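S.K.: Provided below are the primary sequence and the corresponding predicted coordinates.
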Amino acid sequence: MLGIVLVALGVAAAAYLVLKRFYAPMALLMVGAALIVVMGFVTGEPVVTGKSATNTFTFDVVQVMTNLLKSRAAGLGMNIMVVAGFAAYMDRIGATKSLVNLCTKPLEKIHAPYVLLALAYVVGQLLNVFIPSATGLGMLLMVTLFPLLVSQGVSKYSAAAAIATASALDLGPASGNSLLAAELSAIHVMEYFFDGQLPIAVVVLPLCAIAHAFLQRQFDIKDRALGRLTDADFTAQAVEVKGAAAQRTSPAYYALLPLLPVVLLFVFSKFVYAEVRLELITAILFCCFTAFVVDLLTRRTPKEVVADTKAIFEGMGKVFTSTVILIICAEVFAEGLKRTGGIDAILTWASQIEGAGGVAMLLMMIGIMAVASFVTGSGNAAFFAFSHFLPQCAKSVAWETIVLAAPVQLASGIARSMSPISGVTMAVAGLAGISPFELVRRTLPVMVLALFLTILASVLFV
């Protein structure tokens with residue numbers, strides 16, 4: 001009983017600190033360390049055992065983080081940093097902007113407003129596979145798709161809703177959440193993408209696109225009749241070009257560069273040709289060198305082209321201070337929760353529900369993830385904090401980890417898209433000139449449907 005109480009107090013304390021806008025990694029670290037200290041005094045057991053033990057209680061508490069830093073920074077952390085470095089380089093040379101422009105150009109030929117809205121959502125979600133930043137993708141789509149949608153007769157609220165949720169599923173091997181979920185599932189990230197994410201996405205994506213078209217049209221009709229919308233809300237407006245949207249304009253063939261890592265990882269995998277073993281970092285670095293050569297041959301200004309490669313290392317450093325450190329601090333938090341024994345008690349209870357242990361576990365984990373993502377406005381923070389329990393949860397109900405990990409990971413992105421304080425919601429709302437809460441009023445019904453479809457599809461197909 002004490003363990004469950006401590007788990008509840010730990011989760012409540014972490015949620016309170018994050019809601020109060022404390023720096024999330026430190027908030028999770030403090031709560032996790034406090035739980036480790038408490039359980040050390042309660043049980044009298046050593047905090048760290050084996051060769052890494054310091055044989056001093058105080059130092060052992062810190063040694064927990066030291067061990068995680070050693071393992072994560074060199075493994076998963078390095079994968080995430082290299083991916084982020086490549087993404088930053090694609091932004092710097094304008095390749096990401098070229099890809100978005102190329103994919104959105106055909107939509108200009110469609111003149112049915114809400115059909116266009118549905119297709120815009122689909123295009124955005126597909127682009128998310130190659131552009132893992134939700135906020136960055138949202139800003140690019142605001143520059144390219146938002147004026148087009150509004151000019152065709154869609155309100156700015158509806159257009160913003162489709163764009164803000166375009167990265168809701170958090171698909172693809174470039175996502176930090178995907179990389180962590182693949183590692184927890186002990187499989188290659190491309191296997192996780194094809195075997196875990198895609199079976200769910202092929203159900204959720206088209207149905208959510210249809211839901212967007214129908215619900216946003218109903219919102220527009222109803223809100224216009226009530227006077228909440230005016231003609232100005234259906235008038236195309238200029239969008240301020242900043243952030244990711246302020247990339248330089250590059251030739252159209254640069255659009256192929258962001259696709260290269262996914263293509264290489266797919267080709268040299270069990271799905272096509274497994275004789276060549278290609279690690280994620282090797283594939284990304286090869287693509288960086290390829291992009292550098294293409295940029296050099298195109299621009300023929302060696303000094304400027306070489307200077308732009310600095311973006312790779314800046315991107316790696318930036319994501320270390322955000323995502324990688326967040327993962328490590330979240331693991332300390334998870335370790336603290338585990339040591340209370342409350343997690344084991346909860347998992348035992350859920351797994352023993354007669355005839356529905358697996359489904360009960362799935363619903364419990366998705367519920368936790370959805371609430372955490374909504375409250376914090378971050379799919380990463382929520383997933384990193386609670387995902388480390390997924391292998392144990394899956395084992396307790398005799399499921400493979402991927403069966404549980406895929407829907408839970410997708411749920412974190414979906415719930416983030418419902419939150420008025422998420423980065424992508426605030427960025428899109430700001431560029432559209434509307435309130436984040438008005439935007440969430442439009443995204444919430446579609447994302448609730450997406451959450452339900454994710455649960456249904458995972459039970460049926462994964």
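M.R.: Okay, I see it.
S.K.: CA atoms for contacts and neighbours, from now on please.
M.R.: OK.
S.K.: Where does the prediction get shaky in the protein?
M.R.: 1, 236-247, 350-357, 462 (pLDDT under 70).
S.K.: biggest helix in it, by residue count?
M.R.: Taking DSSP state H as the criterion, the chain has its longest helix at helix 198-225.
S.K.: where do the helices sit along the stretch 101-250 of the chain?
M.R.: 113-127, 134-144, 146-151, 156-164, 176-184, 189-191, 198-225 (DSSP state H, counting those that start in this stretch).
S.K.: deepest of those helices, which one?
M.R.: Mean neighbour count, computed with mean count of other CA atoms under 10 Å, is highest for helix 156-164 among the helices of the stretch 101-250 of the chain, reaching a mean of 29.
S.K.: Not counting its neighbours along the chain, what's nearest the most centrally placed residue in the chain?
M.R.: Nearest to the geometric centre of the chain sits residue 170, at 4.6 Å (CA atoms, centre = their mean). Once flanking residues are discounted, residue 170 sits nearest to residue 413: 5.7 Å by CA to CA, 6 or more residues apart in numbering.
S.K.: List the contacts of that neighbour.
M.R.: When contacts are counted by CA atoms under 8 Å, 6 or more residues apart in numbering, residue 413 touches 167, 168, 169, 170, 373, 378, 379.
S.K.: before we move on, the earlier item: which stretch among the helices of the stretch 101-250 of the chain comes nearest residue 320?
M.R.: helix 176-184 (11.5 Å; CA to CA).
S.K.: starting at the chain centroid, how far to that closest one?
M.R.: When distances are taken as CA atoms, centre = their mean, to the nearest Å, helix 176-184 is centred 10 Å away from the chain's centroid.
S.K.: show me where the stretch 251-400 of the chain has helices.
M.R.: 260-267, 280-299, 302-308, 310-319, 325-339, 342-351, 357-376, 379-386, 390-396.
S.K.: Now residue 13: which helix or strand?
M.R.: Taking DSSP states H and E as the definition, residue 13 sits inside helix 2-19.
S.K.: Number of residues surrounding the closest residue in space to residue 272 that isn't next to it in sequence?
M.R.: Sequence neighbours aside, residue 266 is the residue nearest to residue 272 in space, at 7.0 Å (criterion: CA to CA, 6+ apart). Other residues lying near residue 266 total 19 when counted by other CA atoms under 10 Å.
S.K.: Check the gap between residue 266 and residue 177 for me.
M.R.: Separation of residue 266 from residue 177 (CA to CA, to the nearest Å): 19 Å.
S.K.: gap between stretch 453-462 and the chain center?
M.R.: On CA atoms, centre = their mean, the centre of stretch 453-462 falls 19 Å from that of its chain.
S.K.: could you dump that stretch to CSV, C-alpha only?
M.R.: The C-alpha trace of stretch 453-462 is given here as CSV (Å, rounded to 0.1, in the frame of the first residue of the first chain):
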residue,chain,number,x,y,z
LEU,A,453,-9.2,4.5,-33.3
THR,A,454,-5.6,4.0,-32.1
ILE,A,455,-6.8,1.7,-29.3
LEU,A,456,-9.2,-0.2,-31.7
ALA,A,457,-6.6,-0.6,-34.5
SER,A,458,-3.9,-1.8,-32.0
VAL,A,459,-6.1,-4.4,-30.5
LEU,A,460,-7.1,-5.7,-34.0
PHE,A,461,-4.0,-5.4,-36.1
VAL,A,462,-0.7,-5.0,-34.1
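S.K.: list the buried ones in that stretch?
M.R.: By 16 or more other CA atoms under 10 Å, the buried positions in stretch 453-462 come out as 453, 454, 455, 456, 457, 458, 459, 462.
S.K.: so what's residue 54 closest to, chain neighbours aside?
M.R.: residue 60 (5.7 Å).
S.K.: ignore the last one, residue 32
M.R.: residue 333 (3.6 Å).
S.K.: quick one: that neighbour from residue 65, how far?
M.R.: Using CA to CA, we find residue 333 at a distance of 10 Å from residue 65.
S.K.: do the same with residue 29
M.R.: 9 Å.
S.K.: related to what we said a few turns ago, residue 333 and residue 65 - which one has more neighbours?
M.R.: Per other CA under 10 Å, whichever of residue 333 and residue 65 has more neighbours is residue 333, with 29 against 17.
S.K.: Identify the residues contacting the more buried one.
M.R.: 28, 29, 30, 31, 32, 33, 385.
S.K.: Run a quick check on residue 63 versus residue 49, I expect a contact.
M.R.: No - Residue 63 lies out of contact with residue 49 (CA atoms under 8 Å); the separation is 10.3 Å.
S.K.: okay, those two: which has more neighbours?
M.R.: residue 63 (18 against 11).
S.K.: The more buried one is in what secondary structure piece?
M.R.: Secondary structure (DSSP H and E) places residue 63 in helix 57-74.
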